[in-house]
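Asks: Provided below are the primary sequence and the corresponding predicted coordinates.
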Amino acid sequence: MLKVAVIGLGRFGMALAENLAKEGIEVIAIDNDPEVVDAVKDKVALAVTANASDLETQRSLGLGKVDTVVVAIGENFEACQLTMLAARDLDYPRVIARANDRVKETILRRLGADEVILPEEQAALKLAQKLAKPSLLEAVDIGSEHSFVQVKAPHKVVGKTLLELQLRKNFGVNLVAIRKPAGGAGPGAGAASISIPGPETKPDTDDVLMLVGKNRDIDRFIREME
C-alpha cells in the first residue's frame, strides 16, 4: 500500500490528508497542534502531535519508510525549510512542498523539493479557465505542455462523425473516450456510461469529450468549435 506523510495540518494539509485516506492511501498526519491532530485521527492511519522539523523526530516516526512526504506548512516558512532539510537527510523517494509565492517556491526547490505546490495560484488558474471556457469541465496536466481534459461537446461537433471532424489532423488533439449522460431504461439506467469512439461516432449535445493534447491545441479546439 502506498504510504504518504503529510506534515502541517492547515486547511490545505488537512484536506489533502483526508482525501488521500479516502483513496485508500496509508496516511501519517503530523502537526504540532494537538487539536487539529485530534480532529483528523479517526480519518487517517496515524495522526501524531510532533515538531517534524527535527530530523530525529522524523526518524522516530518512521518517515524514512514512506513513499512520499508532503511538507504542507503554510505560514511558518522557517519551519517549512527546516522540515524540508530534515526530509532530504532521510532520502525520501519523493518530497513535495507547499509554497505561498514564487520566491518561496524557488527556495524550496533549491532545498531539494521534487515538486512545489502553490495552492492559491493553482486555484486561481482553474477558476480563470472555468470562467473563460465554460465548456471545460476538468483538466489534468500531463507534463508542462500537455493535458487530459473533459469538455462538453461543442455545438460544432454535434451530429458529425469523427471521420468528418478529423480532430487529430485539424487540431492536433486525440479523442480517447466519450462520456454519455445518466438516463435511459433497463440495466444500468441512471448511470453515466463511457465509450471508446470510432470513425463513425457522432457526439451528442450532452456528451462529454475526453481529450488529450497540447494545451494550445486544446484551447484552439474549444475556441473554434464552441
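Replies: On my side now, so go ahead.
Asks: Count the neighbours of K65 for me.
Replies: 11 (other Cβ atoms under 10 Å). The C-beta positions use only the backbone N, C-alpha and C, and glycine is treated the same way.
Asks: if I look at it, how far off is A86?
Replies: K65 sits 15 Å away from A86, going by Cβ to Cβ, to the nearest Å.
Asks: How about K3?
Replies: 18 Å.
Asks: which one of those two has more residues nearby?
Replies: The residue with more neighbours, out of K3 and A86, is A86; 21 against 17, by other Cβ under 10 Å.
Asks: hang on, that one in a strand?
Replies: No: according to DSSP: H, G, I helix; E, B strand; the rest coil, A86 belongs to no strand; its state is helix.
Asks: Helix, strand, or coil at the residue nearest to the spatial centre of the chain?
Replies: Taking Cα atoms, centre = their mean, the centroid of the chain lies closest to V140, which sits 6.9 Å from it. Classification of V140 using three-state DSSP returns strand.
Asks: Is it in contact with H146, as I believe?
Replies: No: in this structure, V140 is not within contact of H146 by Cβ atoms under 8 Å, at 9.8 Å.
Asks: which residues are common contacts for the two?
Replies: Shared contacts of V140 and H146 (Cβ atoms under 8 Å, 6 or more residues apart in numbering): none.
Asks: Kindly tell me how buried R88 is, as a neighbour count.
Replies: Burial measure for R88: 16 neighbouring residues, criterion other Cβ under 10 Å.
Asks: you'd agree L162 is up against L209?
Replies: No: using Cβ under 8 Å, L162 is not in contact with L209, being 10.3 Å away.
Asks: Neighbour count: the two, which is higher?
Replies: L209 (24 against 18).
Asks: element containing that one, please.
Replies: Assessed by DSSP states H and E, L209 sits inside strand 208-214.
Asks: and that strand, what other elements does it pack with?
Replies: Judged by 3 or more Cβ pairs under 8 Å, 6 or more residues apart in numbering; DSSP states H and E, the packing partners of strand 208-214 are strand 146-152, strand 174-180, helix 215-225.
Asks: At which residues are the helices of this structure located?
Replies: For the chain, the helices defined by DSSP state H occupy 11-22, 34-40, 55-60, 77-89, 102-110, 119-132, 162-165, 167-171, 215-225.
Asks: Give me the contacts around the fourth one.
Replies: Contacts of helix 77-89 with the rest of the structure, by Cβ under 8 Å, 6+ apart, involve 7-8, 52-55, 57-58, 63, 69, 71, 73-74, 95, 97-98, 100, 104, 107-108, 111-113.
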